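Enquirer: predicted model and sequence follow; I will ask about them next.
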Amino acid sequence: KAGVTQTPRYLIKTRGQQVTLSCSPISGHRSVSWYQQTPGQGLQFLFEYFSETQRNKGNFPGRFSGRQFSNSRSEMNVSTLELGDSALYLCASRYTSGRLRTDTQYFGPGTRLTVL
Amino acid sequence: ELKVEQNPLFLSMQEGKNYTIYCNYSTTSDRLYWYRQDPGKSLESLFVLLSNGAVKQEGRLMASLDTKARLSTLHITAAVHDLSATYFCAVDAGSGGSNYKLTFGKGTLLTVNP
């Protein structure tokens, strides 16, 4: 079974630009979460999507947004990039189906974003 | 706001020794997770602890959960070099049911020396 895939793996942008990151979950997984990892703040939850609906959101400004498609693939967008947005962005997927779920969350390899 | 504290943040061990990493959290939750991250790599799920008193073991690692004390431990037995990595605990602060919102600790950088 293929794992969680993220594209692109590396990205360099300049301040003020916007960026879109993509995540394809494991087949059959409908829950997709996004995290930001930085040396200073560690791992921080961005948002979680399930069946195209955002169910939870972390404490990030509105410049960070996301969406999920009907095939469970997800994208996150960061507009008006700032230097502090440089980070590793991790996507994770989890199997949920009503009451039946597993609690293991599988992480993708991440997208390393550098803002200059 | 849920806070998750790990200690120690840095741990240098000799091969063959035992040690414990602690994870304290600030609000009620009965779902706690341990992950491993190797340098430059993503996170690998180690343990999922879903109830008070839960204990899980895999190889030289054993994790436990005490929801009343809001404490989880990751015990390392007879450490080997391959265990060198950063270990994170994470607590689910979601509203229950199928909601899901993990708050991570800062991580413990474990170095096992020969």
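Expert: That came through fine.
Enquirer: and for B:Ser51, nearest residue in space, chain neighbours not counted?
Expert: Spatially, and ignoring its direct neighbours in sequence, B:Ser51 is nearest to B:Asp30 (5.8 Å; CB to CB, 6 or more residues apart in numbering or on different chains). C-beta here means a position set from N, CA and C on the backbone, and glycine is covered the same way.
Enquirer: what parts of chain A come near chain B?
Expert: Residues of chain A found near chain B (CB under 8 Å from any CB of the partner chain) are A:31, A:33, A:35, A:42-45, A:48, A:50, A:55-56, A:58, A:90, A:92, A:94, A:96, A:98-99, A:101, A:103-110.
Enquirer: for PyMOL, write a command that selects the buried ones of those residues.
Expert: Burial among the residues of chain A next to chain B is assessed by 16 or more other CB atoms under 10 Å in any protein chain shown; the matching PyMOL selection reads:
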select buried, chain A and resi 31+33+35+42+43+44+45+48+50+55+56+58+90+92+94+96+105+106+107+108+109+110
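Enquirer: just checking, A:Gln54 is part of a strand?
Expert: Yes - assessed by DSSP: H, G, I helix; E, B strand; the rest coil, A:Gln54 belongs to a strand.
Enquirer: surely it and A:Gly66 touch.
Expert: Yes - between A:Gln54 and A:Gly66 a contact is recorded at 6.9 Å, counting by CB atoms under 8 Å.
Enquirer: burial count for residue 40?
Expert: Reading this off chain A. Neighbour count for A:Gly40, taken as other CB atoms under 10 Å in any protein chain shown: 6.
Enquirer: not what I meant, chain B
Expert: Counted with other CB under 10 Å, B:Gly40 comes out at 9.
Enquirer: give me the three-state assignment for A:Glu75.
Expert: strand.
Enquirer: residues contacting it?
Expert: A:Thr20, A:Leu21, A:Ser22, A:Cys23, A:Gly66, A:Arg67, A:Phe69 (CB atoms under 8 Å, 6 or more residues apart in numbering or on different chains).
Enquirer: now do 7 Å
Expert: The contact partners of A:Glu75, by CB atoms under 7 Å, 6 or more residues apart in numbering or on different chains, come to A:Thr20, A:Leu21, A:Ser22, A:Gly66, A:Arg67.
Enquirer: show me which of those residues are buried.
Expert: Applying 16+ other CB under 10 Å to the contacts of A:Glu75 flags A:Leu21, A:Gly66 as buried.
Enquirer: tell me which of the contacts of A:Glu75 fall in strands.
Expert: A:Thr20, A:Leu21, A:Ser22, A:Gly66, A:Arg67 (DSSP state E).
Enquirer: reformat these as JSON lines; add pLDDT and distance to B:Glu58.
Expert: Formatted as JSON lines, those follow (pLDDT from 0 to 100; distance: CB to CB, whole Å):
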{"residue": "A:Thr20", "pLDDT": "98", "distance to B:Glu58": "37"}
{"residue": "A:Leu21", "pLDDT": "98", "distance to B:Glu58": "32"}
{"residue": "A:Ser22", "pLDDT": "98", "distance to B:Glu58": "32"}
{"residue": "A:Gly66", "pLDDT": "97", "distance to B:Glu58": "33"}
{"residue": "A:Arg67", "pLDDT": "97", "distance to B:Glu58": "36"}
